[in-house]
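[1] Got a predicted structure plus its sequence, pasted below:
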Amino acid sequence: MAESGFFDKVYQVASLIPYGRVTSYGAIAKYLGAAGSARMVGWAMNASGKHPDVPAHRVVNRKGLLTGKHHFSGTNLMQQLLENEGIEVIENQIQNFDSLFWDPMKELSE
DNA sequence: AACTTGACGTACA
DNA sequence: TTGTACGCCAAGT
């Protein structure tokens, strides 16, 4: 892995999120060894506009809530993208989030 | 140069 | 159990 920095790592992991799966900021931060710095992950995602390969819509907070949907174009684009992958989203809340949760530390650490 | 805000999460009261 | 406070680090103002 070519880890250039914390932000780059976030982009790496985020781009590895499988189709129809989601993860949380804290999970990524924790995987990077920066547990507690979940905000940095969110900030990195904010700059994801420079990284088209980073599906930021698959990254939500630990509640499975689409907190950042407002940052996407329009108002429900993020939800539309998730539903397009077969993820059920109601009121910005991912349904069955526990089953759809993709833990990088658990999946990539194998 | 300093203060405030921010796609979060955990700890404490 | 719910609510409030604080910590992380960077960028914007």
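    Arrived safely, thanks for sending. Numbers count the residues shown, from 1 in each chain, chains lettered A, B, ... in the order given.

[2] Where does the prediction get shaky in chain A?
    A:1-3, A:110 (pLDDT under 70).

[3] For chain A, which residues are neighbours of DNA strand B?
    Selection of chain A residues close to DNA strand B by C-beta under 7 Å from any atom of the strand yields A:24-27, A:29, A:35-36, A:38-46, A:48-49, A:56, A:61-63, A:67-72, A:78. The C-beta positions use only the backbone N, C-alpha and C, and glycine is treated the same way.

[4] Please produce a ChimeraX select command covering the buried subset of those residues.
    Selecting the buried subset of the residues of chain A next to DNA strand B in ChimeraX, with 16 or more other C-beta atoms under 10 Å as the burial test, is done by:
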select /A:24,25,26,27,29,38,40,41,42,44,45,48,56,68,69,72,78
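
[5] and the residues of chain A next to DNA strand B, which of them are in helices?
    The helices, defined by DSSP state H, take in A:25-27, A:29, A:38-46, A:78 from the residues of chain A next to DNA strand B.

[6] just to revisit the earlier point, and the residues of chain A next to DNA strand B near DNA strand C, which?
    Answer for the residues of chain A next to DNA strand B near DNA strand C (C-beta under 7 Å from any atom of the strand): A:36, A:38-40, A:43.

[7] Quick check: residue A:27 vs residue A:62, distance?
    Residue A:27 is 8 Å from residue A:62, where distance means C-beta to C-beta, to the nearest Å.

[8] I should have written residue A:40 there, sorry.
    Taken as C-beta to C-beta, the span from residue A:40 to residue A:62 is 15 Å.

[9] Residues of chain A that sit close to DNA strand C?
    A:34, A:36-40, A:43.

[10] in stretch A:15-25, what counts as buried?
    A:16-17, A:21-25.

[11] How about stretch A:89-96?
    A:89, A:92, A:94.

[12] Straight-line length of it, end to end?
    For stretch A:89-96, the first-to-last residue distance is 9 Å (C-alpha to C-alpha, to the nearest Å).
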